[in-house]
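Enquirer: got a predicted structure plus its sequence, pasted below:
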Amino acid sequence: MESLERPKYKCLLFDYMRHHLHIEESHIADMCLDLYKEYGTTMAGLKALGYEFDNDEFHATVHGTLPYHNLRPDPVLRTLLLSIPQRKITLNPCNVLSEFQNSMLFPDETSPNLVDLNESDGFRPISPILCKPSIEAMEAVIRIANVDPKKTIFFDDSTRNIASGKAAGFHTVIVGRPTLVPGADHALESIHNMKEALPEIWDGQDWSESDVLSSTAVETAVVA
């Protein structure tokens with residue numbers, strides 16, 4: 001008899017759905033993929049379908065128990081981010097990931113702001129869980145973080161998130177690709193090449209000048 005104490009899968013999300021939500025094992029893999037495509041994350045999809053569970057417990061089980069100790073800090077990225085004079089904001093699916101990310105990059109300095117879309121006072125999303133790539137999530141970031149999208153650069157490695165960010169009015173940078181994708185103003189194969197591709201961040205250029213961005217967008221795909 002299989003013990004419930006020992007995970008069956010390497011994917012903790014599958015284990016959570018099987019043991020905590022009692023979803024039929026044969027349905028889990030396809031269900032995760034379908035919910036991810038429809039709602040942006042499996043968690044958001046589960047909530048939309050009416051499954052009841054504690055958000056913090058979900059994140060603690062699915063994300064909090066991952067072997068983060070196997071990851072190593074990126075001193076090059078840390079130095080690069082610390083050199084950026086503008087405000088920096090982290091938008092992740094949960095604070096567990098954001099806090100770990102910031103502890104790796106900024107152990108001794110003030111870390112970027114964390115934006116929690118689902119626990120902000122006075123704001124209630126239309127769907128049970130608000131997350132990328134929904135336009136509503138992007139608009140919520142603008143409202144909660146009080147930023148001007150015309151003067152904000154949005155970095156992401158997801159083509160869907162980039163398209164939504166552009167629709168919300170952000171200047172956009174697709175990371176991890178050598179060429180532009182729909183909705184992207186710039187492309188970076190490596191985040192380490194940010195300074196070469198976007199010197200205007202350090203030069204104090206006004207990003208709201210759309211003519212400047214449109215004339216340089218095709219030229220800013222950088223290969224590491």
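Expert: All right, it came through fine.
Enquirer: name the element Lys195 belongs to?
Expert: helix 194-197 (DSSP states H and E).
Enquirer: which parts of whichever helix or strand Asp15 is part of are buried?
Expert: Using DSSP H and E, Asp15 sits within helix 12-19. If you call a residue buried by 16 or more other C-beta atoms under 10 Å, then helix 12-19 has these buried ones: Leu13, Phe14, Asp15, Tyr16, Met17, Arg18. To be clear about C-beta, it is placed using only N, CA and C from the backbone, and glycine gets the same treatment.
Enquirer: hang on, isn't the first one packed against Thr65?
Expert: The one in question is Leu13. No - between Leu13 and Thr65 there is no contact under C-beta atoms under 8 Å: 11.4 Å.
Enquirer: just to revisit the earlier point, can I get the buried residues of helix 12-19 in a markdown table including pLDDT and distance to Asp156?
Expert: Listed next are these as a markdown table, based on pLDDT from 0 to 100; distance: C-beta to C-beta, whole Å:
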| residue | pLDDT | distance to Asp156 |
| --- | --- | --- |
| Leu13 | 90 | 21 |
| Phe14 | 91 | 25 |
| Asp15 | 91 | 28 |
| Tyr16 | 93 | 25 |
| Met17 | 95 | 26 |
| Arg18 | 93 | 30 |
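Enquirer: just name the closest of the residues you listed to Arg160, please.
Expert: Nearest to Arg160 among those: Leu13, at 19.0 Å, using C-beta to C-beta.
Enquirer: for the residue nearest to the closest one when sequence neighbours are not counted, list the residues it contacts.
Expert: The shortest distance from Leu13 to any non-neighbouring residue, by C-beta to C-beta, 6 or more residues apart in numbering, is to Val62 (5.1 Å). The neighbourhood of Val62, defined by C-beta atoms under 8 Å, 6 or more residues apart in numbering, consists of Leu12, Leu13, Tyr16, Met43.
Enquirer: chain neighbours aside, what residue packs nearest to Lys132?
Expert: Asn161 (4.7 Å).
Enquirer: could you list the domains of the protein?
Expert: 12-62, 73-219 (automatic domain parsing).
Enquirer: and these, which one's lowest on average pLDDT?
Expert: Of all these, the minimum mean pLDDT falls on domain 73-219 (a mean of 76).
Enquirer: which residues touch stretch 20-40?
Expert: Contacts of stretch 20-40 (C-beta under 8 Å, 6+ apart): 13-14, 17-18, 41-42, 44-46, 48-49, 51, 53, 61, 127, 129, 131-134, 137, 160.
Enquirer: for it, which positions count as buried?
Expert: By neighbour count on 16+ other C-beta under 10 Å, the buried set for stretch 20-40 is Ile23, Ile28, Met31, Cys32, Leu35, Tyr39, Gly40.
Enquirer: so where does the fourth one fall, helix or strand?
Expert: In this case it means Cys32. Using DSSP H and E, Cys32 falls in helix 28-39.
Enquirer: now His186, what are its backbone angles?
Expert: When read as degrees, to the nearest 10, the backbone of His186 gives phi -140, psi 160.
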